[in-house]
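1. Following is a predicted model, sequence given first.
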Amino acid sequence: MDSEDMTLTQDGQDNGLVGEWETEPSDASETITSAIRDYVETPFTIAIVDVFTLQTSTFIHCDANSLSPAIDLIRAGFLSHVPVSPSVAISLRTLEHFRLLRLHKPSFSVEAYVKVICDSYKVPYKRCWRTVLANAFDTYLAILRQVEQRVNAALGHSTSNWRILNSCPPCTYELEDEPSLPFTRMYVLDGGNSAKCMAGPGGHEQGDTRTYTESDYILPCDFVDSFANKVRPHHSQAADPVAGVSNIKEEEDTHPEDLMMQVMSSDCSKNWKAAADEEKKHMWSVFDETGIFVSTCRHGLLLWVTDMVSSGELAKYPLVIISNVIDVLGEHTLGAYDIGCGFQSTIRASRLGDAFERQKCRMCIDAFHGYAHNYLCQTKNHPNGIVGAGIEDFGTIEHFFSASNAIAPVIRYASSYHHHVFLDLFFKQWDEDKYLNLGTMIYNNYKQALDILSMESIALDEAKQSLDIQEGDLKTWRQEEIKYFTHLGKETEWDVHAMTYVELLLKLRDAESQAQSASARFLSTTPMDYQFISSMGTQPYSSDMTATRKLETQCRYSAERLATIQQDVVSMEVKMGITNRWQPSSPEYQATMKYMSNYQYQRALDNLQRLVVQQLFELQQLNISQTAYKMCTHISKSLQTRCHAIQNAVKTYNAAAAALSPPRPQLDCFLEEFNLLRDTRQDVHEKMWAKPAIRAVIRQWLQIECAKEEIEQCNVEIRHLHTAIIDEDSLFTQCLASLAAEHVIEHVAVYEYCSCRRLINMQVLHRISKIHSLPGFSGSNSAGIRKGSRGHTTEDIALSSSDEVEHDDAAPAVDEVEELTQDIGTLIEYLSDLTLYR
């Protein structure tokens with residue numbers, strides 16, 4: 001039975017809260033209409049819940065023009081869980097208090113709050129009261145959403161994509177005559193599986209079947225599904241990288257840069273579930289929604305969210321985000337994704353490829369996951385190597401998922417409607433917290449960049465002087481390093497064929513030896529007790545027949561295997577144009593054997609790197625708060641097993657390194673140095689950029705360059721934020737004056753929103769003033785003019801004149817107390833109408 005079709009009736013208890021359930025008529029609209037028609041305006045007493053006063057009942061006065069007891073309850077500051085014949089009401093302050101608790105502690109459930117209320121009233125907990133509060137809270141949230149829509153419409157915030165284009169002023173508030181940046185917008189996207197939602201038994205919907213479609217964050221499932229199966233398939237590169245290169249070369253319509261991306265991601269993409277084939281990304285059928293795929297700007301404010309429905313991290317989820325980025329955010333965007341190296345090829349293979357290239361967008365990998373990618377991928381896609389990325393690590397999405405873990409226990413078994421309602425509440429509060437933190441984030445980034453310049457610059461100058469190198473040398477060596485690793489993964493077709501040919505020769509030599517040995521054993525086998533007997537004695541021959549047949553079988557099998565390998569060798573010789581078969585003494589044979597030794601060395605190094613990366617990730621997972629006990633135990637056992645596997649991998653690596661000529665040194669513990677030990681035909685140890693001292697100087701130089709880029713980025717973002725606050729305050733003043741003159745019901749709600757927003761802006765302005773006072777600040781202290789605007793309609797808000805703005809916040813927009821009281825009464829009437837007709 002649906003909980004919304006119930007009412008709580010009095011049973012004579014003094015506390016006014018204990019009741020029994022009565023079933024309402026199924027036709028709710030007819031019941032409401034008849035109740036309004038038959039309603040008589042008579043005062044009544046009703047049981048109430050107020051966590052602040054702990055009253056158990058109150059007397060409700062009825063207005064002469066009232067149409068329903070719900071209106072009278074709203075006027076008195078209460079809200080019932082049913083629209084007609086209410087028997088219990090909850091104070092608006094109690095509901096608002098619970099909303100605030102949920103915003104800042106998402107794991108705080110309705111049941112927990114009801115138990116707190118019961119303890120406050122000194123009564124035992126009953127489940128029926130939990131349903132009463134939940135239904136009333138649903139109505140309260142619906143009212144607030146309607147109020148929010150009215151406020152946004154009054155402020156002009158209801159246009160299409162307004163939130164995306166205005167919620168983060170440092171990213172979006174472009175000004176006239178400002179320096180251009182390499183990227184107009186930087187964002188992060190990734191999927192998480194903590195926000196799962198259980199499916200109904202047998203796939204059937206039960207209870208609440210409503211759908212929540214009012215979220216400005218969550219994209220419709222129909223739109224997301226339009227990007228399913230829209231990517232041209234290509235060969236998987238998760239296997240042998242050498243074989244992968246030959247497969248790539250057979251693709252005639254592949255984009256040239258995709259060839260490089262596929263080579264780079266051949267090793268690193270196999271570390272990620274998101275890079276697996278689509279058919280492998282299944283999820284247990286017990287979950288209806290298996291998580292969410294989220295995108296945020298570099299400052300952490302949300303862009304778009306998609307539900308991952310009964311699947312893993314499919315390509316359609318990031319593709320729909322990229323589609324919106326292209327349509328809304330425009331040109332020169334930089335997106336970070338844990339498999340951004342391979343996903344860029346996926347974008348080009350989809351219908352978004354042409355627009356993505358035309359708008360000069362690109363993808364990269366975030367810093368945290370980036371060090372688990374191979375070094376070639378890091379030189380191209382790691383933020384430290386991308387001009388214009390600054391010191392940004394693109395780790396904000398990890399903070400989001402860490403925070404969203406708190407809401408998971410509450411929404412796991414909720415209906416689809418409540419699942420999205422509470423997620424939407426969490427999204428809004430996340431954005432509010434991130435907006436409040438904008439000034440602090442930019443301040444910390446600016447200060448970090450200045451510290452890098454002040455400390456690393458001195459160390460870099462001393463290193464360049466001691467090593468007798470110039471800054472131009474560092475740039476040259478950096479380009480040589482990138483070029484080296486770019487060509488390192490490109491194995492020539494001849495090398496691939498030569499390796500195959502030599503392997504066939506080794507198999508041929510082994511097959512010939514086995515065939516000769518089997519033939520000799522078959523021909524020369526004589527029984528130990530051989531004696532000549534007459535043809536009448538058949539018993540000795542029968543006893544040796546089984547052994548003879550085994551030898552004959554081995555001989556025939558060896559001969560057939562030898563013939564097959566000989567055919568493969570001849571076929572490869574014809575393909576490679578070899579007239580004289582290579583011998584172990586041939587120079588070509590010896591060179592290929594050396595090349596194969598290096599290849600085995602690289603494979604051993606790859607395996608060791610993979611195990612170490614998994615070890616680090618599992619250690620990090622083990623330290624996450626709220627990790628279940630069984631999961632911690634499982635991870636601990638897995639780490640013990642992994643330690644033995646790493647030890648074996650180290651032994652394999654040392655053996656492969658010792659087989660090289662000259663032997664290679666012991667492995668360094670840093671992940672980014674793994675690929676530096678690789679050596680093909682060029683001796684990397686002789687290159688300047690491979691020397692440890694030079695590499696340390698290059699890293700210092702790159703840090704300084706990134707810090708300079710960050711300061712340039714922050715200078716632009718600070719002025720964006722400063723100007724946006726000034727323009728917003730001007731908008732608030734004009735809008736409040738207009739609403740007060742028109743005496744519209746939205747005036748009080750808009751005034752409350754503007755007052756809270758101004759207080760937040762004052763704190764952000766305080767942080768901006770601290771940035772302006774930093775030693776080494778190189779930006780502008782004044783505000784600018786937004787592109788496409790006519791300038792400011794009021795004087796700029798100086799950062800030192802915060803008292804004036806605070807004074808404006810304290811004073812009502814309407815001076816007369818009577819007018820303000822009238823507006824509050826109008827708002828109550830407005831809330832009453834929404835409660836009745838929602």
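-> Cool, the structure landed.
2. helices or strands up against the helix or strand containing Met363?
-> Per DSSP states H and E, Met363 falls inside strand 362-364. Applying 3 or more Cβ pairs under 8 Å, 6 or more residues apart in numbering; DSSP states H and E, one finds that strand 362-364 contacts strand 333-336, helix 340-348. (Each C-beta comes from the backbone N, C-alpha and C, glycine too.)
3. Which other helices and strands does the next helix or strand after it contact?
-> Counting by DSSP H and E, the next helix or strand C-terminal to strand 362-364 is helix 367-370. Where contact means 3+ Cβ pairs under 8 Å, 6+ apart, helix 367-370 is packed against helix 375-381.
4. Please save the CA atoms from the helix it packs on in PDB.
-> Extracted C-alpha coordinates of helix 375-381, given in PDB (Å, rounded to 0.1, in the frame of the first residue of the first chain):
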ATOM      1  CA  TYR A 375      55.900   7.600 -19.800                       C
ATOM      2  CA  LEU A 376      55.200   8.200 -23.500                       C
ATOM      3  CA  CYS A 377      51.600   8.900 -22.600                       C
ATOM      4  CA  GLN A 378      52.700  11.200 -19.800                       C
ATOM      5  CA  THR A 379      54.900  13.300 -22.100                       C
ATOM      6  CA  LYS A 380      51.900  14.000 -24.300                       C
ATOM      7  CA  ASN A 381      48.900  14.000 -21.900                       C
END
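5. what mean pLDDT does that helix have?
-> Average pLDDT, helix 375-381: 80.
6. could you give me the average pLDDT of the next helix or strand after it?
-> Following helix 375-381 in sequence order, the next helix or strand is helix 396-404 (DSSP H and E). Averaging pLDDT along helix 396-404 yields 90.
7. report the longest strand in the chain, please.
-> In the chain, assigned by DSSP state E, the strand with the most residues is strand 287-297.
8. Neighbouring strands - and their directions - for it?
-> strand 185-192 (antiparallel), strand 197-198 (antiparallel), strand 302-309 (antiparallel) (DSSP bridges).
9. quick one, it and helix 396-404 angle?
-> Strand 287-297 and helix 396-404 are oriented at 130 degrees to each other (axes from the mean of the first three to the mean of the last three Cα atoms, to 10 degrees).
10. hey, C-alpha coordinates of strand 287-297 in CSV?
-> Only the C-alpha atoms of strand 287-297 are listed here, as CSV (Å, rounded to 0.1, in the frame of the first residue of the first chain):
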residue,chain,number,x,y,z
PHE,A,287,21.1,-2.6,-9.5
ASP,A,288,18.8,-0.4,-11.6
GLU,A,289,21.3,2.5,-11.6
THR,A,290,25.0,1.5,-11.1
GLY,A,291,26.4,4.9,-10.5
ILE,A,292,26.8,8.4,-12.0
PHE,A,293,29.1,9.9,-14.5
VAL,A,294,30.1,13.4,-13.5
SER,A,295,31.8,16.4,-15.1
THR,A,296,33.0,19.5,-13.3
CYS,A,297,35.0,22.6,-14.1
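11. Just give the strands next to the strand holding Met363 in its sheet, each with its orientation.
-> According to DSSP bridges, strand 362-364 has the following sheet partners: strand 333-336 (parallel).
12. picking that back up, out of the strands paired with strand 287-297, which is the most enclosed?
-> The highest average neighbour count among those, using mean count of other Cβ atoms under 10 Å, belongs to strand 185-192 at a mean of 24.
13. Contacts for that strand next, please.
-> The contact list for strand 185-192, computed with Cβ atoms under 8 Å, 6 or more residues apart in numbering, reads 171-172, 274, 291-298, 303, 308, 313, 317-318, 321, 325, 329-330, 332-338, 366, 389, 392, 394-398, 400-401, 404.
14. Right, I'll call it a day here.
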